[in-house]
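Visitor: How does the following fold in three dimensions:
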Amino acid sequence: MHFTQELELFPGKKVTQLLFKEVKNAAVLRKSAVEGKINGALINPTMLVSPFQVLVAANKAVHLQTIEKMKTRSLYSEIIFNLSPTNNISEAFKRFGISDGDDSVMVVVVHDKDESQLLSDITSKVEGRQVPVEDVSSLSDAAKIKKLYKVTPAEETCGTLLDAVICRMAIKDVL
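Guide: Reported below is the predicted structural model:
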């Protein structure tokens, strides 16, 4: 049900993604995350095209943490910030973080080894049904994503929506 990927540039570091639908306690989860009681990033899956998008954001966050150049206070807030096409931190949390009324959530955890206890702790806090991470595209709001990332129809003829999103995420620090 979850998706774990080792980060090639950071041996020993892994990123695990868990996707939940029919979540009933989003407000409690958000409050816990803000207070630092949840060791993970809580992301609104309607703004995600693919698990790869999250992996790119997590990889960049680990890199920035390693070189001590993060723009936010924690690794998990940096992951959420890196999903955004802009450099506005509060806007990134508004668009990609979960809201009190959300009924689905993507949980992202960065860990050193296969820490099954860490994953089960987070899973036990979510009142919802865990589904395969690959199902995230069924929750995506493509129209909102295209508008936020300013994807043109011409771009979609030569590549995918995911290609356009990853490109925007990658170049935001350059523009």
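Visitor: all contacts plus neighbour counts: C-alpha atoms, from now on.
Guide: Noted.
Visitor: mind listing the helices for this protein?
Guide: 26-34, 51-66, 75-83, 89-96, 116-125, 136-139, 142-149, 153-158, 161-171 (DSSP state H).
Visitor: average model confidence for the shortest one?
Guide: This points to helix 136-139. Mean pLDDT, helix 136-139: 96.
Visitor: related to what we said a few turns ago, dump the helices of the chain into JSON lines; add mean neighbour count and distance to residue 106 as well.
Guide: Below are the helices of the chain laid out as JSON lines (neighbours: other Cα atoms under 10 Å; distance: least, Cα to Cα, whole Å):
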{"stretch": "helix 26-34", "mean neighbour count": "17", "distance to residue 106": "11"}
{"stretch": "helix 51-66", "mean neighbour count": "19", "distance to residue 106": "9"}
{"stretch": "helix 75-83", "mean neighbour count": "26", "distance to residue 106": "11"}
{"stretch": "helix 89-96", "mean neighbour count": "17", "distance to residue 106": "10"}
{"stretch": "helix 116-125", "mean neighbour count": "13", "distance to residue 106": "11"}
{"stretch": "helix 136-139", "mean neighbour count": "17", "distance to residue 106": "8"}
{"stretch": "helix 142-149", "mean neighbour count": "15", "distance to residue 106": "16"}
{"stretch": "helix 153-158", "mean neighbour count": "10", "distance to residue 106": "26"}
{"stretch": "helix 161-171", "mean neighbour count": "17", "distance to residue 106": "17"}
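Visitor: want to throw those into CSV with distance to residue 1?
Guide: Shown next, in CSV, are the helices of the chain (distance: least, Cα to Cα, whole Å):
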stretch, distance to residue 1
helix 26-34, 20
helix 51-66, 13
helix 75-83, 21
helix 89-96, 22
helix 116-125, 11
helix 136-139, 12
helix 142-149, 24
helix 153-158, 30
helix 161-171, 22
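Visitor: Mind telling me which of the ones you listed the model trusts least?
Guide: helix 116-125 (a mean of 85).
Visitor: Please export the C-alpha coordinates of it as PDB.
Guide: Taking C-alpha atoms only, helix 116-125 is exported to PDB below (Å, rounded to 0.1, in the frame of the first residue of the first chain):
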ATOM      1  CA  SER A 116       8.200   0.100  10.200                       C
ATOM      2  CA  GLN A 117       7.400   1.500  13.700                       C
ATOM      3  CA  LEU A 118       7.500   5.100  12.400                       C
ATOM      4  CA  LEU A 119       5.100   4.200   9.600                       C
ATOM      5  CA  SER A 120       2.700   2.300  11.800                       C
ATOM      6  CA  ASP A 121       2.700   5.200  14.300                       C
ATOM      7  CA  ILE A 122       1.600   7.600  11.500                       C
ATOM      8  CA  THR A 123      -0.900   5.100  10.100                       C
ATOM      9  CA  SER A 124      -2.500   4.600  13.500                       C
ATOM     10  CA  LYS A 125      -3.200   8.400  13.700                       C
END
